[in-house]
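Engineer: When you get a sec, could you give me coordinates for this:
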Amino acid sequence: MAGGLAALLDDVAALARAAAASVDDVGAAATRASVKATGVVVDDTAVTPRYVEGIDPKRELPIIRKIATGSIRNKLLIILPAIMLLSQFLPWIVMPILMIGGCYLSFEGAEKLWEALRGGHVEESNEGKSEDQITSGAIRTDFILSAEIMVISLKEVEDEPFLSRLVILVVVALIITALVYGVVALIVKMDDVGLHLRDKAGSGAQRIGNLLVNGMPKVLSVLSTVGIAAMLWVGGHILLMGLDDVGWHWPYAQVHHLEHAVHEATGAFGGVLGWLTNTLCSAAVGLVVGAVIVAVVHQVVHRRHQSSESAAH
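Structural biologist: Residues are numbered from 1 along each chain as shown. Coordinates of the predicted model:
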């Protein structure tokens, strides 16, 4: 009896170890997939705060909560079923979809860089809009970014079994949504915290309050700049990997050889400098592709505008 109980306990322990290993594997894969989507995550975090500009401070967090809920619905109820079905029955289509996303990221990064070089542009105001209009607009924008995040993450774990892919992508969706909208909520409320501290009697609290109030616009500006760089890097890297995947190996091979050469030539700093070399090359590819798309899009828009004016006259 004692022997049977001991064997049963051994079996339970083995199952527990297997379950723990499985959880660790899912966690590691989810983390790896999330890291690959960094560029889109940074962009999402940089874009979202503008949706609560000019809003009653008491309504900022409820609106962010609504957008986050819509983002979860986008990821879990629409995007996830679609990409899981595609990856199961049409796996060859995942890379072309991912490359389209890479082109879109490159376009967004190049366009934002062009706008920054021209002195920026005026963002669309929330004045006169209802909360429902603001929320629905933010959720529509989130859908595009969420689709890119989920497809990038899927590509990273496409060799996993169907159920593992499903669980990993659910974890990625939850983690990234919590991360993005948690950071957004923190950013949005930091100026309120600063204003509150500025009204305190102590000079130390007032200095911290002034630092927060004056610093948050700079934080958003830096975040936007990092977002542009990340979009170009991730977009270019996706395109390099996609071209290699479909059979044109030369572009990615050149970048890989350059990365390896820098790694070998720089000793202790080789790992960091090699990665930086790959990142800069990917960003350059993203910038070139994005600039071409921006030029084409602007030309099309310009011709349509001219046609509209000609028709009006």
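
Engineer: Nearest residue to V285 in space, please, no chain neighbours.
Structural biologist: Leaving aside its sequence neighbours, V285 sits nearest to G236 (Cβ to Cβ, 6 or more residues apart in numbering; 3.6 Å). Bear in mind the C-beta positions are built from the backbone N, C-alpha and C, glycine included.

Engineer: That neighbour: which element?
Structural biologist: With secondary structure defined by DSSP states H and E, G236 is part of helix 203-245.

Engineer: After that helix, heading C-terminal, what element do we hit next?
Structural biologist: Following helix 203-245 in sequence order, the next helix or strand is helix 250-265 (DSSP H and E).

Engineer: Can you name every helix or strand that that following helix contacts?
Structural biologist: When contacts are defined as 3 or more Cβ pairs under 8 Å, 6 or more residues apart in numbering; DSSP states H and E, helix 250-265 packs onto helix 203-245, helix 270-312.

Engineer: With just CA atoms, put that helix into CSV.
Structural biologist: In CSV, the C-alpha atoms belonging to helix 250-265 read as follows (Å, rounded to 0.1, in the frame of the first residue of the first chain):
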residue,chain,number,x,y,z
TRP,A,250,21.1,38.3,-50.6
PRO,A,251,19.8,41.3,-48.6
TYR,A,252,19.5,39.5,-45.2
ALA,A,253,22.8,37.6,-45.8
GLN,A,254,24.7,40.9,-46.3
VAL,A,255,23.2,42.3,-43.1
HIS,A,256,24.0,39.1,-41.2
HIS,A,257,27.6,39.1,-42.5
LEU,A,258,28.1,42.7,-41.5
GLU,A,259,26.7,42.0,-38.1
HIS,A,260,29.0,39.0,-37.7
ALA,A,261,32.1,41.1,-38.9
VAL,A,262,31.3,43.8,-36.3
HIS,A,263,30.8,41.3,-33.6
GLU,A,264,34.1,39.6,-34.3
ALA,A,265,36.1,42.9,-34.6
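
Engineer: Figure out how far it is from the centre of its chain.
Structural biologist: 26 Å (Cα atoms, centre = their mean, to the nearest Å).

Engineer: How about residues contacting it?
Structural biologist: Identification of contacts with helix 250-265 by Cβ atoms under 8 Å, 6 or more residues apart in numbering yields 240-241, 243-244, 270-271, 273-275, 277-278, 281-282, 285.

Engineer: Recalculate using a threshold of 10 Å.
Structural biologist: Applying Cβ atoms under 10 Å, 6 or more residues apart in numbering, the contact partners of helix 250-265 are 236-237, 239-245, 249, 269-282, 284-285.

Engineer: list the buried ones in that helix?
Structural biologist: Neighbour counts over helix 250-265 (16 or more other Cβ atoms under 10 Å) mark P251, Y252, V255, H256, E259, V262, H263 as buried.

Engineer: Filter the contacts of helix 250-265 down to the buried ones.
Structural biologist: Judged by 16+ other Cβ under 10 Å, buried ones among those: 236-237, 239-245, 270, 273-274, 277-282, 285.

Engineer: shaky segments in the stretch 51-200 of the chain?
Structural biologist: Flagging of the stretch 51-200 of the chain using pLDDT under 70 yields the residue ranges 51-54, 120-128, 200.

Engineer: What segments of it are helices?
Structural biologist: Residue ranges of the helices in the stretch 51-200 of the chain, as given by DSSP state H, counting those that start in this stretch, are 57-73, 80-89, 94-117, 131-156, 162-198.

Engineer: and these as CSV, adding distance to I228 and mean neighbour count?
Structural biologist: Conversion of the helices of the stretch 51-200 of the chain to CSV gives the following (distance: least, Cβ to Cβ, whole Å; neighbours: other Cβ atoms under 10 Å):
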stretch, distance to I228, mean neighbour count
helix 57-73, 22, 17
helix 80-89, 26, 15
helix 94-117, 5, 20
helix 131-156, 14, 21
helix 162-198, 17, 18
